[in-house]
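Chemist: give me coordinates for this.
(chains A and B)
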2 protein chains.
Amino acid sequence: MRATTKRLFLCLVLLSQVVLPPAASARQRARRVDLIVSGGAVVTMDAGRRIIEDGAVAVAGGKIVAVGKRADVLRAYAAREVIDARGRAVIPGLVNGHTHIPMSLFRGIADDLDLNEWLTKFIFPAEAKNVTEEFVRAGTQLGLAEMIRGGTTTYCDMYYFEDAVAEETERAGVRAVLGETVIDFPVPDNKTWPDAMRYVERFVARWKGNRLITAAVAPHAPYTVSEAHLREVRAFSDRTGAPVVTHVAETRKEVEDVTRDHGARPVEYLARIGFLSPRTVAAHTVHLTEGEINLLKQHGVGSIHNPESNMKLASGVAPVPQMLRAGVLLGLGTDGAASNNDLGMWEAMDLAAKLHKLTTGDPKVVTAEEALALATINGARALHMEKDIGSVEAGKRADLVVVDLDALHQTPRYSLYSHLVYATKASDVRTVVIEGRVVMRDRRLLTLDEPLIKRRARAIRERISRSLSAPGR
Amino acid sequence: MRATTKRLFLCLVLLSQVVLPPAASARQRARRVDLIVSGGAVVTMDAGRRIIEDGAVAVAGGKIVAVGKRADVLRAYAAREVIDARGRAVIPGLVNGHTHIPMSLFRGIADDLDLNEWLTKFIFPAEAKNVTEEFVRAGTQLGLAEMIRGGTTTYCDMYYFEDAVAEETERAGVRAVLGETVIDFPVPDNKTWPDAMRYVERFVARWKGNRLITAAVAPHAPYTVSEAHLREVRAFSDRTGAPVVTHVAETRKEVEDVTRDHGARPVEYLARIGFLSPRTVAAHTVHLTEGEINLLKQHGVGSIHNPESNMKLASGVAPVPQMLRAGVLLGLGTDGAASNNDLGMWEAMDLAAKLHKLTTGDPKVVTAEEALALATINGARALHMEKDIGSVEAGKRADLVVVDLDALHQTPRYSLYSHLVYATKASDVRTVVIEGRVVMRDRRLLTLDEPLIKRRARAIRERISRSLSAPGR
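Modeler: Residues are numbered from 1 along each chain as shown, chains lettered A, B, ... in the order given. Coordinates of the predicted model:
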């Protein structure tokens, strides 16, 4: 009996190689990949703005190897792991162009105050008394967890102890441009300018070639870093290729101060001293003349619009429609959670679309599609990373977000762009893939310990409140 | 054996009445109530803005009978049903002061267009071809479900077939002021002015004395309803006590048109013809002079600020800080989902706080506490319902919302008001009580069939798209 079974089995196997239908034999020839995100509307954000209904994305070695109709992708590829995205949207991972991630621990520490009062009475004392490497690690984990939950796969940061930020970010599997802050006064990690530049040198060398982490230098702003130091930063960037992340033209006061001290407005001044380059990322750029917009464009500077922070701190409205018309590399950011008060890119997109309609009086400016572009492909361009991220295209790194489309607040659906920008929330993000690795599946974080992060954040908050002798209200 | 057990039991019972500790004997004397929401921070929004940490709320007959420390409430009351709110916030139900609830079915039907194009190419044709009583019922259920999920317990609506809206709203257990739209041209439910006023007459009579539903008349706007008809509406309101819900001074064009036709700006004109009263609810009031702000105050008119709709349609910025200073009864609304694109009050609060900081250049105006007040007690005042709702106080109707406080985007917590307004999302709303009835428990809707609502909305959307011969993009 056993011998008969064996022979029968062998016979069937041989037969199958002859008579199997084309689909099955094709499957045998299918290329093995690591992951297929299968089904759903793939919102590519490619140059043609293709939306592939019932699409699929194949991923191998951290890269996208194919994007197309589900049937075609499944015919050509077989994966170890399949994510079912049917009925959902598959979008490029969101790019948060400006954060101070450890400041998540200062979320809501002080609100509804003058910028000066906010900084001098709360933020600066809280930082002076509390910002250690341990604080930075805890705050980074908190921010990373919130960002993954909201579908952010790349962020651009400026803070202290960025080497620790980098370690935590790599461990969580998130992509980032991390700028170690350099500034003309003592800060928590470096007490002198030479110390800070030595830190930056080591930091940039250490992370060179890392797939997830791009180490950068972050001179705080043109009014807090001297001209000589800004020139030194530019030279460092030229020598190492490190991006330069900075704040530019955030407030009227900055424009007045820089104009008084340097005889030129911030962007003019930075252009004049040779600071601007296609490796610069300038956050805010709120107060700009037409000439300054053109300077940003000419020098290939990436600009980051932070609508919520600019509103909450009453900084002003960045000339986004004009920058888009001029072709400035423009992305979108949240700023730190101390001035927003969250790291949510969905609200940033919604506001980017709505704010400029209001201020221009034209409901046609910054469409939903343009707002989604600011948070994806144009955000990638602003970080000078568009070759690697920002759209769902073969050859790019596999940073993908699967978004539910069937919540009540999303029902019914007419246009996908409108749906994503005006109706979708962070709570609709289901699954997040970065560099081909699933970091959240069905809303469960896979690389971070959420309960531990929360416990630690609460403990540190107790310490912060005590340090300010301002108990939680 | 059995007899012995019985005797032992009796003995214990008798003994217990003698030697039980005070707490237990107190519990025996505790007043029976229907529901206790127990634990958590009770954000009362009462005149003293009390926040009761580890508080509780006792509810009987649809009303709040006690608010206090948990230990005190549990000593004095015993409930059939207890909702555990420990670690959470208990806030007054949110008041959405301006909606067109059935238009939820038009969510995202057309965006990023001029108001005129939006209305004439999409909204009016879509309404003419699709708005039936069936449509209104389906759209109302969709909007109700979304609003309950977001913690809204009272809303103020303007649309057609409001009698059907009322039936669906009462069935779902939600509180509302429902204005049947009257306007000087044929609309889906009434083709002539006399027909519309007869409908309103029946509608208001039918719902008189209902605990949840306040039937109202809703003349569309001063530029779409004649002076004679506006006077007729005021007389009807005087005779019946019905609220009058309307749009006022939403756009610059309206101000120009009314000024041209009546020689006065909208609020001035409405005051002059005797239209304004302490039963009026005026949505938008964007374009106002100081004199008009004073007229709103003098006549006891309720105003509703709709920041998101005003931004998206580029209508302008309502003078909220000035209205607050003048003591205008000011609430907050979302407007319809076709121009927002959702019914979320959390985003409305966040934006109300942020928008006016930006436009005044003063980060101290419209604080988080003031924004929460706009959505609760001041919203209740604007709807002329502050005796019944808007705060957690004994004697008021029991409209309560239990909000989670431990999401990542809410971690850590310093100030509760800031936390609620700047960081909390609709997805953090856990349990909703209206008129003492639990309508959502642990995020599960108890009075509405969510899957059915979604299926029906999708089917109607198919019909709408076909009717516009504009297939979904």
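Chemist: any low-confidence regions in the stretch 351-473 of chain A?
Modeler: A:470-473 (pLDDT under 70).
Chemist: in contact with the closest residue in space to residue A:400 that isn't next to it in sequence, which residues?
Modeler: Nearest residue to residue A:400 in three dimensions, chain neighbours excluded: residue A:433, at 4.4 Å (CB to CB, 6 or more residues apart in numbering or on different chains). For every residue, glycine as well, the C-beta is placed using N, CA and C. For residue A:433, the contacting residues are A:35, A:37, A:59, A:83, A:93, A:153, A:398, A:399, A:400, A:401, A:439, by CB atoms under 8 Å, 6 or more residues apart in numbering or on different chains.
Chemist: which residue ranges form the strands in the stretch 301-450 of chain A?
Modeler: A:302-305, A:329-332, A:400-403, A:429-434, A:437-441, A:444-445 (DSSP state E, counting those that start in this stretch).
Chemist: comparing those strands, which comes out most buried?
Modeler: strand A:302-305 (a mean of 30; mean count of other CB atoms under 10 Å in any protein chain shown).
Chemist: near chain B at all, it?
Modeler: No. Strand A:302-305 lies out of reach of chain B by CB under 8 Å from any CB of the partner chain, never closer than 13.6 Å.
Chemist: so which elements touch that strand?
Modeler: strand A:94-99, strand A:280-284, strand A:329-332, helix A:377-382 (3 or more CB pairs under 8 Å, 6 or more residues apart in numbering or on different chains; DSSP states H and E).
Chemist: now with 7 Å, please.
Modeler: In terms of contacts (3 or more CB pairs under 7 Å, 6 or more residues apart in numbering or on different chains; DSSP states H and E), strand A:302-305 is packed against strand A:280-284, strand A:329-332, helix A:377-382.
Chemist: which of those sits closest to residue B:166?
Modeler: Residue B:166 lies closest to strand A:329-332 among these, at 42.4 Å (CB to CB).
Chemist: can you list contacts of the closest one?
Modeler: The contact list for strand A:329-332, computed with CB atoms under 7 Å, 6 or more residues apart in numbering or on different chains, reads A:95, A:97, A:300-305, A:320, A:323-324, A:345, A:348-349, A:352, A:374-375, A:378-379, A:381-383.
Chemist: ok, now with 6 Å
Modeler: Strand A:329-332 is contacted from outside by A:97, A:302-305, A:323, A:348, A:352, A:374-375, A:378-379, A:381-382, using CB atoms under 6 Å, 6 or more residues apart in numbering or on different chains.
Chemist: what are the pairing partners of that strand, and which direction each?
Modeler: strand A:302-305 (parallel) (DSSP bridges).
Chemist: which other residues reach the partner strand?
Modeler: For strand A:302-305, contacts defined as CB under 6 Å, 6+ apart pick out A:97-98, A:281-283, A:285, A:296, A:318, A:320, A:328-333, A:382-383.
Chemist: tell me the mean pLDDT for it?
Modeler: The predicted model assigns strand A:302-305 a mean pLDDT of 98.
Chemist: starting at the chain centroid, how far to that strand?
Modeler: 12 Å (CA atoms, centre = their mean, to the nearest Å).
Chemist: same check on stretch A:418-437?
Modeler: With CA atoms, centre = their mean, you get 13 Å for stretch A:418-437.
Chemist: just checking, residue A:139 touches residue A:100?
Modeler: No. Taking contacts as CB atoms under 6 Å, residue A:139 lies outside contact range of residue A:100: 8.9 Å.
Chemist: give the contact list for residue A:182.
Modeler: A:196, A:219.
Chemist: go with 8 Å
Modeler: Residue A:182 neighbours (CB under 8 Å, 6+ apart): A:190, A:193, A:196, A:197, A:200, A:217, A:218, A:219, A:220, A:225, A:229, A:233.
Chemist: partners of it in the sheet?
Modeler: The partner residues for residue A:182, given DSSP bridges, come to residue A:219.
Chemist: and it, what's its pLDDT?
Modeler: pLDDT recorded at residue A:182 is 98.
Chemist: now do residue A:115
Modeler: Note on residue A:115: pLDDT of 79.
Chemist: so how far is residue B:38 from residue A:363?
Modeler: Distance, residue A:363 to residue B:38, using CB to CB, to the nearest Å: 47 Å.
Chemist: who has more neighbours, the two?
Modeler: residue A:363 (25 against 21; other CB atoms under 10 Å in any protein chain shown).
Chemist: burial of the residue nearest to the more buried one when sequence neighbours are not counted, as a residue count?
Modeler: Distances taken as CB to CB, 6+ apart place residue B:314 nearest to residue A:363, at 4.3 Å, with adjacent residues excluded. Other residues near residue B:314 come to 21 when the count uses other CB under 10 Å.
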